[in-house]
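Visitor: model this:
(one chain, ligands or ions: 3)
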Amino acid sequence: MEFYTPKSRSDLEEGSGFAPKFDDRGLIPVTTTCVKTGGILMQAWMDAEAIKQTLITKEAHYFSRSRQELWHKGATSGEIQKVINFKTDCDQDSLWLIVEQMGEGCCHVGYPSCFYREISLEDEGGRLETTLTKK
Ligand SMILES: N=c1c2ncn([C@@H]3O[C@H](COP(=O)(O)OP(=O)(O)OP(=O)(O)O)[C@@H](O)[C@H]3O)c2ncn1[C@@H]1O[C@H](COP(=O)(O)O)[C@@H](O)[C@H]1O
Ligand SMILES: [Mg+2]
Ligand SMILES: [Zn+2]
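Guide: Ligands and ions are numbered 1, 2, ... in the order given. Okay, the predicted model is just below:
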């Protein structure tokens with residue numbers, strides 16, 4: 001898939017061409033939220049192929065940094081993410097995926113969201129408190 005090459009800053013920021021800006025590893029961060037609750041599920045990375053597969057299949061695909069390969073989320077766990085909406089930010093260096101989460105949640109640790117711990121604001125940042133219950 002060919003992505004758009006913006007002609008100017010305003011074209012990048014306000015035009016209709018999709019021009020994802022990848023970092024030096026060829027990756028772009030993606031934040032995934034739940035269409036039902038609006039809450040955050042996970043933060044991961046996509047390369048060009050993951051974006052392409054996500055658009056073609058309408059199921060979330062990421063790039064696994066540890067495995068260095070395309071990752072169809074839920075392929076082994078069944079926790080597939082069906083794409084409802086896909087957004088890019090102003091300068092197109094960050095993506096927002098809104099999904100219908102299959103199963104009881106997305107996190108391999110056992111929680112419905114990867115963001116199951118809160119950093120205490122009372123403790124100069126040194127303490128974590130678990131705020132979700134396991135699936
Ligand atoms: N299932 C998950 C998963 N779900 C959500 N996330 C979040 O997604 C982020 C992925 O970004 P990374 O680039 O850090 O992923 P990674 O380090 O390459 O993931 P691993 O290969 O180390 O498990 C993590 O930081 C987690 O917050 C997950 N990260 C990893 N996995 C692993 O993915 C594998 C396949 O799981 P399914 O796709 O659900 O079948 C399993 O082995 C899981 O351990
Ligand atoms: Mg990781
Ligand atoms: Zn997780």
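Visitor: the residue nearest to residue 74 when sequence neighbours are not counted: neighbouring residues, count only.
Guide: By the measure of CB to CB, 6 or more residues apart in numbering, the closest residue to residue 74 outside its immediate chain neighbours is residue 80, 3.5 Å from it. Where C-beta positions appear, they are placed from N, C-alpha and C, glycine not excepted. Residues lying near residue 80 (other CB atoms under 10 Å) number 18.
Visitor: any chance you could map the strands in the chain?
Guide: Using DSSP state E, the strands found in the chain span residues 28-34, 40-46, 61-64, 69-72, 81-88, 95-101, 117-119, 128-130.
Visitor: check which helices and strands the first one is in contact with.
Guide: Same thing as strand 28-34. Contacts defined by 3 or more CB pairs under 8 Å, 6 or more residues apart in numbering; DSSP states H and E place strand 28-34 against strand 40-46, strand 95-101.
Visitor: got it, and the longest one?
Guide: Of the remaining helices and strands, those touching strand 81-88 by 3+ CB pairs under 8 Å, 6+ apart are helix 48-57, strand 95-101.
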